[in-house]
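In: Give me the fold of what follows.
(chains A and B)
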Amino acid sequence: MPVKQPTPQESELDDRRYRIRHSAAHVLADAVLELFPHAKYAIGPPVEDGFYYDFDVPTPFTPDDLGRLEAVMRERVARDLPFEMAEVSRDEARALFADQPYKQDIIDGLPEGEPITTCRHGGFLDLCRGRHVESTGRVPAFKLLTTAGAYWRGDERNRMLQRVYGSAWESEAALEEHLRQLEEAAQRDHRRLGRELDLFSTSEAVGPGLVLWHPKGARVRSLMEQVWREEHDRRGYQPVYSPHVGKGALWATSGHLDFYRESMYDAMDVEGQEYFAKPMNCPFHVQIYQSAKRSYRELPIRYTELGAVYRYERSGVLHGLLRVRGFTQDDAHIFCTPEQVEDEVVGVLDFAFHLLRVFGFDDYDVFLSTRPEKAVGDPADWELATEALRRALDRRHVEHLVDEGGGAFYGPKLDIKVRDAIGRSWQCTTIQFDFNLPQRFGLAYDGADGAEHRPYMVHRALFGSLERFFGVLIEHYAGAFPTWLAPVQAVLIPIADRHVDYAHAVRGQLAAAGIRAEVDARNERMNAKIRNAQLAKIPYMLVAGDKEAQANGAAVRLRTGQDLGLLPVDDVTARIVGETARRDPKAP
RNA sequence: GCCAUCGUAGCUCAGUGGCAGAGCAGCGGUUUCGUAAACCGCAGGUCGACGGUUCGAAUCCGUCCGAUGGCUCCA
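Out: Now for the predicted structure:
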């Protein structure tokens, strides 16, 4: 079973970083207590790339406080104080942290019979299960980054604490590298590129989390949709369309009003009937399934739709294209027999990997999520479905991680997270079994035995949502889309006014071959036009002057800076058409 | 929603109680140029909105809207 494991080297470094970050958190709490003696300290674990610590303080930390805290931390590190663990009894622990309510809360939660340990360095004592470096001097490189509010134990009914985030590494070089990566990530932030490249926007007048696709972004989207449609046609899916709203009774039957109401917008009144904007497409697809009596001979039925859904998201969680209130799912629902389930899942997996590869993603993390505590459906069905997912992964030799109990209440699922060009992970594809809807709607098909059977229903999205996938795609390519996806594939750059007519003629030739090309006829020098095209990340710059007009060609400069020299227009056309036709994810 | 920070021209930003500014973008003109920014000029503002304090508010206070980083959740 190819379940992912870290390599020994990875885990050794991970362990060292864990210790450094955990230790850094202790030093931070020490510093906070030094500067804010009345602070109550709560919890401070290591996290990816760093650490945090939560405090209950009368007034939130200011950005200035970070500098002062960091100074105290550096002083502690310079003193190289040893970390000393000690085991204490429950009563001793209570006494040691008598004036620390959060520590008392943690002690209450510790299981009886397990040893309680503390860790001391200098004058600072913390309740702690351990794993530190030997002494404060062994925290080689750290930096405090931000402060943020965080609820005690992550529950918003609890008091909000003040969290300080920091980053800590085994060397200054590693810290520098991490900070450089943050800078790199900021450079390719899709919100920034969306504005700079004129791809999309949101408008205060429209409302937060509602995306406006500008012509250039919409061009990319329509290419995404085109590939998506072609592939679905090829793989036996049937496109369907469904409305954006449906009656309350439908959402009552589906269970959305019971389980999903907080994510749905309030009802609108239509002639005394309640209608709701759809947060999912499933009930509509189920209705199409139910519009006729189904036979086992028809199965599997695969309905697919680019369905716009609306979900209420709390204002604080909205984020560019990655978390919005209205989005388009590349949805599909597969209705099939139990015998067909495994092949269907394999088919979806193959499809997902193919599609992701077309868009330049070659690196994935796959997660299998199994039955949670609270679940609907027959446990035997869960077992069969989970096994089908597992066997599908095995058949395709896909390494994966298992999230025990991480499935939805209505079925087990399989998620694919893609890794982008700078190693960040994004959830896109999801394949989910649904035992809830077939039951609620009483779905059935007639089997070979003449009896009615309940079909299996698989819900899946490959991109996830077009908005999110576009956001990830922008960041993956840093806005420099490959030729086939570039909103503008080539720009004609006439050197002087007398070359403008020729440039238009060439543009016409390119357009005739289906190439998206523009002419930069502004009264600017060639240098300015090249700079402009470069910043717009246009793959091909075709300079047209006297020589080029003479030869019916263009001097070709690539976005990469490479100069291909004077080429006949036919050659340039063939090259761009070729890259486009084979959807080369790396060209130019 | 909660905590923090922020909101000045299309964009990036200066202005901290006394006449709203710069660069880029835009528009007009000059220039006709060989691989990352020619030159001159013009125009562009409810300083996020509303209310308050003040002789006077972009600036101080309050409420709201929006953005950013977190908390929780997720396509």
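
In: distance of A:Leu567 from RNA strand B?
Out: A:Leu567 is 10 Å from RNA strand B, where distance means CB to the nearest atom of the strand, to the nearest Å. Where you see a C-beta, it was placed from the backbone N, CA and C, and this is true even at glycine.

In: Which positions in the stretch 201-350 of chain A make contact with RNA strand B?
Out: By CB under 7 Å from any atom of the strand, the residues of the stretch 201-350 of chain A that approach RNA strand B are A:202, A:204, A:207-209, A:311, A:313-320, A:323-325, A:327, A:329.

In: ok, now with 10 Å
Out: Those residues of the stretch 201-350 of chain A that sit near RNA strand B, judged by CB under 10 Å from any atom of the strand, are A:201-211, A:260, A:262-263, A:279-280, A:309-331.

In: Narrow the residues you listed to those in strands?
Out: Residues of those located in strands (DSSP state E): A:201, A:309-310, A:326-331.

In: what helices or strands is the strand or helix carrying A:Lys103 leaning on?
Out: Assigned by DSSP states H and E, A:Lys103 belongs to helix A:101-109. Using 3 or more CB pairs under 8 Å, 6 or more residues apart in numbering; DSSP states H and E, the elements in contact with helix A:101-109 are strand A:40-41, strand A:50-56, helix A:90-96, strand A:124-127.

In: Looking at those, spot the one closest to RNA strand B.
Out: Distance to RNA strand B, taken as CB to the nearest atom of the strand, is lowest for strand A:50-56 among these, at 7.7 Å.

In: Next, see if that closest one gets close to RNA strand B.
Out: Yes. Against RNA strand B, strand A:50-56 shows contacts by CB under 10 Å from any atom of the strand at A:52, A:54.

In: what about the following helix or strand past that strand, near RNA strand B?
Out: Reading on from strand A:50-56 to the C-terminus, the next helix or strand found by DSSP H and E is helix A:63-79. Yes. Against RNA strand B, helix A:63-79 shows contacts by CB under 10 Å from any atom of the strand at A:63-64.

In: hmm, back to that, give the PyMOL command for selecting the buried subset of the residues of the stretch 201-350 of chain A next to RNA strand B.
Out: Burial among those is assessed by 16 or more other CB atoms under 10 Å; the matching PyMOL selection reads:
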select buried, chain A and resi 202+209+211+263+279+280+309+310+311+313+320+321+322+323+324+325+326+327+328+329+330+331
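
In: one step back: could you dump the helices and strands packed on helix A:101-109 to CSV with mean pLDDT?
Out: As requested, the helices and strands packed on helix A:101-109 are exported to CSV (pLDDT from 0 to 100):
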stretch, mean pLDDT
strand A:40-41, 94
strand A:50-56, 94
helix A:90-96, 92
strand A:124-127, 93
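
In: For A:Lys247, find the nearest of the ones you listed.
Out: Closest of these to A:Lys247 is strand A:50-56, at 45.9 Å (criterion: CB to CB).

In: strand partners of that closest one, parallel vs antiparallel please.
Out: Strand pairing for strand A:50-56, using DSSP bridges, gives strand A:40-41 (antiparallel), strand A:46-47 (antiparallel), strand A:160-169 (antiparallel).

In: Dump these into CSV; add mean neighbour count as well.
Out: Output for those, formatted as CSV (neighbours: other CB atoms under 10 Å):
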stretch, mean neighbour count
strand A:40-41, 22
strand A:46-47, 17
strand A:160-169, 22
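
In: which one of those lies closest to A:His232?
Out: Of all the strands paired with strand A:50-56, strand A:46-47 sits nearest to A:His232, with 39.6 Å by CB to CB.

In: Any part of the closest one near RNA strand B?
Out: Yes. Using CB under 10 Å from any atom of the strand, strand A:46-47 reaches RNA strand B at A:Val47.

In: Need the pLDDT of the closest residue to A:Arg17 other than its chain neighbours.
Out: The shortest distance from A:Arg17 to any non-neighbouring residue, by CB to CB, 6 or more residues apart in numbering, is to A:Glu170 (6.4 Å). A:Glu170 is assigned 94 on the pLDDT scale.

In: shouldn't A:Glu170 be in contact with A:Tyr18?
Out: No. Counting by CB atoms under 8 Å, A:Glu170 stays clear of A:Tyr18, with 11.0 Å between them.

In: Next, the contact list for the residue in the stretch 201-350 of chain A positioned nearest to RNA strand B, please.
Out: Nearest residue of the stretch 201-350 of chain A to RNA strand B (CB to the nearest atom of the strand) works out as A:Gly316 at 2.1 Å. The contact partners of A:Gly316, by CB atoms under 8 Å, 6 or more residues apart in numbering, come to none.

In: Now do the same for it: its pLDDT.
Out: pLDDT for A:Gly316: 87.

In: again with A:Gln187
Out: pLDDT at A:Gln187 comes out at 88.

In: One more: the one 5 residues further on?
Out: Here, the pLDDT recorded for A:Arg192 equals 93.

In: can you tell me which residues contact it?
Out: Neighbouring residues of A:Arg192 by CB under 8 Å, 6+ apart: A:Ala186.

In: give me the element it is part of.
Out: Element membership of A:Arg192, judged by DSSP H and E, is helix A:190-196.

In: Could you give the separation of that helix from the chain centroid?
Out: 17 Å (CA atoms, centre = their mean, to the nearest Å).

In: Same check on stretch A:61-74?
Out: Centroid separation for stretch A:61-74 versus its chain: 32 Å, with CA atoms, centre = their mean.

In: before we move on, what about stretch A:68-75?
Out: For stretch A:68-75, the distance from its own C-alpha centre to the chain's C-alpha centre is 35 Å (CA atoms, centre = their mean).

In: Quick one: mean pLDDT over whichever helix or strand A:Met224 is part of.
Out: Using DSSP H and E, the element containing A:Met224 is helix A:215-234. Average pLDDT, helix A:215-234: 97.

In: packing partners for the next helix or strand after that helix?
Out: Once helix A:215-234 ends, the next helix or strand along the chain (criterion: DSSP H and E) is strand A:238-239. Applying 3+ CB pairs under 8 Å, 6+ apart, one finds that strand A:238-239 contacts helix A:215-234, strand A:301-310.

In: Thank you, goodbye.
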